[in-house]
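Novice: I would like the atomic coordinates for the input below:
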Amino acid sequence: MTTQDRINAYWTGRAPGYDEYQQRPDRLAADQQAWSAIWAKALPPAPLDVLDVGTGTGQVAMVLAGLGHRVTGIDLADGMLDRARQHAAAMANGPVIQHGDAVHPDFPAASFDAVTSRYLMWTLREPEAAVANWARLLRPGGTVAVVDSTWFPNGLDNASENFVGFYDAQVQSALPLATAKSIDHTVAVLERAGLAEVTVTPLTSIFDLDRQFGVAPNHEHQMQFLVTGRI
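Specialist: Residues are numbered from 1 along each chain as shown. Below you'll find the predicted structure:
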């Protein structure tokens, strides 16, 4: 089993519980409002052609489609794709959800105005190659916008036993950002991939929602960041 196979297997198994947590009714409306504001500020006005890489259950793709963008979401975990397709089918002008590799997206050059991701960078193999490939897909003036945090600054071995069973030493060695202690490491990846005007925005609205509603099991209450760059 390859490194990516192990990652895909973990997230396929996690998909039902992960999706239910993302959709929990007590927080759903507040999350929708907060994330809509974040992505509206991160990208130029709609309609844009947007590729959401590592789309997971499609949360970002759905928000972006709701803002009026033409969205394609790709992922490699079949369980996540099943959930994303269910959400997309329930929405008018919803995103197109496809099987695809975030590191090597199979689209022609200059196909999109923006590439987005959320909670992908930490678990992304070859992040610099991936971001360089995203830049190739952008039209002139296009944007890469990623959201992530420093989830495991003290190492992944403190996480749940099931998680570590998939994210073993082989997998961890292939993920340069998995144990990053600062979001500056993600900034450096975007810069080394050739993006310009790389900026970091702390997502205080999400931090406040996490304080109000709590965070997912085995996670700490910590700041998330939006990192953007342009070609």
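
Novice: what's the closest non-adjacent residue to Pro176?
Specialist: Pro127 (6.0 Å; Cβ to Cβ, 6 or more residues apart in numbering). For every residue, glycine as well, the C-beta is placed using N, CA and C.

Novice: residues near the one you found, how many?
Specialist: Neighbour count for Pro127, taken as other Cβ atoms under 10 Å: 25.

Novice: gap between it and Leu120?
Specialist: 9 Å (Cβ to Cβ, to the nearest Å).

Novice: now swap in Ser160 and tell me
Specialist: Distance from Ser160 to Leu120, counting by Cβ to Cβ: 20 Å.

Novice: which one of these two has more residues nearby?
Specialist: Comparing Ser160 with Leu120 by other Cβ under 10 Å, the one with more neighbours is Leu120, at 22 against 9.

Novice: what's the closest residue to the more buried one other than its chain neighbours sitting at in phi/psi?
Specialist: Closest residue to Leu120 apart from its sequence neighbours, by Cβ to Cβ, 6+ apart: Gly54 at 3.6 Å. For Gly54, the backbone dihedrals are phi 60, psi 50 (criterion: degrees, to the nearest 10).

Novice: Then Asp82?
Specialist: Dihedral pair for Asp82: phi -60, psi -40, per degrees, to the nearest 10.

Novice: So Val50 versus Arg211, what's the distance?
Specialist: Per Cβ to Cβ, Val50 is found 30 Å from Arg211.

Novice: Which of these two has more residues huddled nearby?
Specialist: Counted by other Cβ under 10 Å, Val50 and Arg211 do not tie: Val50 has more neighbours, with 27 against 10.

Novice: Just say helix, strand or coil for that one.
Specialist: Per DSSP: H, G, I helix; E, B strand; the rest coil, the local secondary structure of Val50 is strand.

Novice: can you pull the contacts of it?
Specialist: The contact partners of Val50, taken as Cβ atoms under 8 Å, 6 or more residues apart in numbering, are 43, 64, 69-72, 112-116.
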